[in-house]
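**Q** Here's my sequence, what's the structure:
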Amino acid sequence: MKKLMFLFWLLSCMLFLTSCASWDVKTPMPTARSSLSTCVLDDKIYAIGGGAGYSRIPSVEVYDPSTDTWTKKGNMPVGRIFLSTAVVDGRIYVIGGYGVGGYLATVEEYDPVTDTWRKKADMPTPTYAPALGVVNGEIYAIGGKSGSTFEPTSNVHKYDPRTDTWTERSNMSVPRHRHSAVVVDGRIYVFGGKERASAPPLSSVEVYDPLTDTWTLKTDMPTARILHCAVVLDGRIFVIGGGKYNYGQPYPFVEIYDPSSNTWTTGKNMLTARTFFAASVVKGKIYAIGGSPSGSWVTVSSIVEEYNP
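**A** Residues are numbered from 1 along each chain as shown. Predicted coordinates:
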């Protein structure tokens with residue numbers, strides 16, 4: 001009986017917290033875009049690359065949540081969409097994507113102190129929209145579309161910024177494209193995506209342990225989706241937005257995964273349903289930036305929404 005009462009109390013608390021959560025509109029990004037990437041450094045969000053219509057935007061714009069303002073920084077050397085970013089030791093690494101010449105293996109390192117860029121060792125395979133996770137100062141590039149087959153891949157490659165080298169690691173259980181990945185307690189959690197270009201979206205979740213180089217399946221997402229974002233807040237993973245199709249009505253849904261219990265709960269919907277957007281966390285709040293409210297990557301927005309749980 002005591003255990004049942006405790007579970008009821010816990011569920012009541014979770015429902016109360018969900019009801020208190022809110023989304024608020026913030027200052028728009030100066031350059032409207034979709035298919036961008038964001039990352040956080042010194043409590044500021046760097047919005048990098050992406051596209052507007054059929055262009056490839058090299059611009060870097062930095063959002064300061066404490067002042068709700070944007071600042072422009074030095075452009076990337078290679079403009080691209082469907083790029084991925086990661087932060088290691090105060091530097092930002094931009095990996096893969098799609099440029100004027102097609103799929104990219106290009107890796108570039110940004111130094112925010114000097115506002116300069118340096119080219120680094122290419123990925124082993126040109127890859128469109130890999131998902132990234134950083135563990136112990138090393139970047140894991142997971143899945144995406146391969147430049148050799150133009151189909152989703154299950155490949156995993158590890159990049160060590162200290163030696164500027166790439167190493168192949170164990171593949172995921174299935175190929176994934178337009179998926180998402182985050183790190184909790186030294187493990188990389190991967191959500192959704194598509195197994196083939198013509199396939200429906202996946203609801204499956206798997207976790208990678210870099211220490212053992214192994215993958216384990218977890219409880220499926222309640223909503224299968226692609227083109228979503230996943231972020232970590234207070235040890236829980238928030239899976240936000242996305243949709244069922246490459247082009248079509250986006251989802252506003254927020255679903256929250258607890259790695260400790262391998263369970264899902266429902267969060268508060270975004271104000272603006274979107275695909276092709278980016279999301280980051282600063283000081284306990286989630287920021288959803290840019291993307292496409294129409295579901296088409298050629299229709300772009302500058303919308304910024306802040307989620308306060």
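**Q** For the closest residue to Gly248 other than its chain neighbours, give its distance to Ser301.
**A** Of all residues not flanking Gly248 in the chain, Gly295 sits nearest, at 4.7 Å (CB to CB, 6 or more residues apart in numbering). Where you see a C-beta, it was placed from the backbone N, CA and C, and this is true even at glycine. Look at Gly295 and Ser301: by CB to CB, to the nearest Å, they are 12 Å apart.
**Q** before we move on, what about Asp220?
**A** 30 Å.
**Q** More neighbours: which of the two?
**A** Ser301 (21 against 14; other CB atoms under 10 Å).
**Q** which residues does that one contact?
**A** 32, 34, 272, 274, 290-293 (CB atoms under 8 Å, 6 or more residues apart in numbering).
**Q** likewise Thr116?
**A** Under the criterion of CB under 8 Å, 6+ apart, the neighbours of Thr116 are 74, 110.
**Q** For stretch 249-258, list the C-alpha coordinates in CSV.
**A** Presented in CSV, the C-alpha positions along stretch 249-258 are these (Å, rounded to 0.1, in the frame of the first residue of the first chain):
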residue,chain,number,x,y,z
GLN,A,249,2.7,18.9,-41.0
PRO,A,250,5.3,19.1,-38.2
TYR,A,251,4.6,17.9,-34.6
PRO,A,252,4.6,20.3,-31.6
PHE,A,253,5.0,17.3,-29.3
VAL,A,254,7.5,17.1,-26.4
GLU,A,255,8.1,13.7,-24.9
ILE,A,256,10.5,13.2,-22.0
TYR,A,257,12.6,10.1,-21.4
ASP,A,258,14.1,9.1,-18.1
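**Q** Check what contacts it and list those residues.
**A** Counting by CB under 8 Å, 6+ apart, residues outside stretch 249-258 touching it are 189, 191, 205, 218-219, 221-223, 225, 227-228, 235-244, 263-275, 292-295, 307.
**Q** helix, strand or coil for the residue nearest to Gly248?
**A** Local secondary structure at Gly295 is given as coil here, using DSSP: H, G, I helix; E, B strand; the rest coil.
**Q** you'd agree it is up against Gly243?
**A** Yes: the pair Gly295 and Gly243 passes the contact test of CB atoms under 8 Å, sitting 5.8 Å apart.
**Q** picking that back up, show me how to select, in PyMOL, the buried members of the contacts of stretch 249-258.
**A** Selecting the buried subset of those in PyMOL, with 16 or more other CB atoms under 10 Å as the burial test, is done by:
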select buried, resi 189+191+205+218+221+223+225+227+228+236+237+238+239+240+241+242+243+244+264+265+267+268+270+271+272+273+274+275+292+293+294+295+307
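**Q** Okay, and which of the contacts of stretch 249-258 map to helices?
**A** Taking DSSP state H as the definition of helices, these contribute nothing to them.
**Q** List the ones among the contacts of stretch 249-258 that fall in strands.
**A** 189, 191, 205, 218, 236-240, 263-266, 307 (DSSP state E).
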